[in-house]
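*Asks:* Pasting the sequence and the predicted model now:
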Amino acid sequence: MKNEKGFTLIGVVIAVAILGVIAAGFLGGLAGASRALFTADERTTANNLAESQMEDVKNRPYALSYTAAPIPSEYDGAGYSATIDVVSLEDGNIQKIIVTIEHHGREVIILEDYKVK
């Protein structure tokens, strides 16, 4: 029995511990990458919606306030909402238009531009 070769219990425990550490690191990295992908998708969608809202405001006649255009149907039920604020500048001839996009009540992006009378 002296010449028998094989794994000892300690060797197996160490190997399992090393595999566990590697697996935990891999799963942690996977979770982080998934969160980053979700955040990037959310910001891209919000940016597209904000630009769409801004273009809609710029194509409307000059007014003291603007209501947000309806969110496109492909984002229906996704929890996005838009608000438009107006700040009048230069004797009312220039407006600062501020479009805010929220996702499930959390502000994602703010887009600012100007409109001239």
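*Replies:* Cool, the structure landed.

*Asks:* Could you tell me which residues make contact with the residue nearest the centre of the chain?
*Replies:* With distances taken as Cα atoms, centre = their mean, the residue of the chain nearest its centroid is residue 42 (2.8 Å). For residue 42, the set of contacting residues under the criterion of Cβ atoms under 8 Å, 6 or more residues apart in numbering consists of 103, 108. Every residue, glycine included, has its C-beta placed from N, CA and C.

*Asks:* what does the one 3 residues further on give?
*Replies:* When the contact criterion is Cβ under 8 Å, 6+ apart, the partners of residue 45 are 75, 78, 80, 103.

*Asks:* circling back: which SS class is the residue nearest to the centre of the chain?
*Replies:* helix (DSSP: H, G, I helix; E, B strand; the rest coil).

*Asks:* Check the one 5 residues further on too.
*Replies:* Residue 47 carries the three-state label helix when classified by three-state DSSP.

*Asks:* Just give the number of residues close to the closest residue in space to it that isn't next to it in sequence.
*Replies:* The shortest distance from residue 47 to any residue that is not its chain neighbour, by Cβ to Cβ, 6 or more residues apart in numbering, is 5.7 Å, and that residue is residue 109. By other Cβ atoms under 10 Å, 19 other residues sit near residue 109.

*Asks:* In this structure residue 83 contacts residue 107, no?
*Replies:* No: with the criterion set as Cβ atoms under 8 Å, residue 83 and residue 107 do not qualify as a contacting pair; they are 9.7 Å apart.
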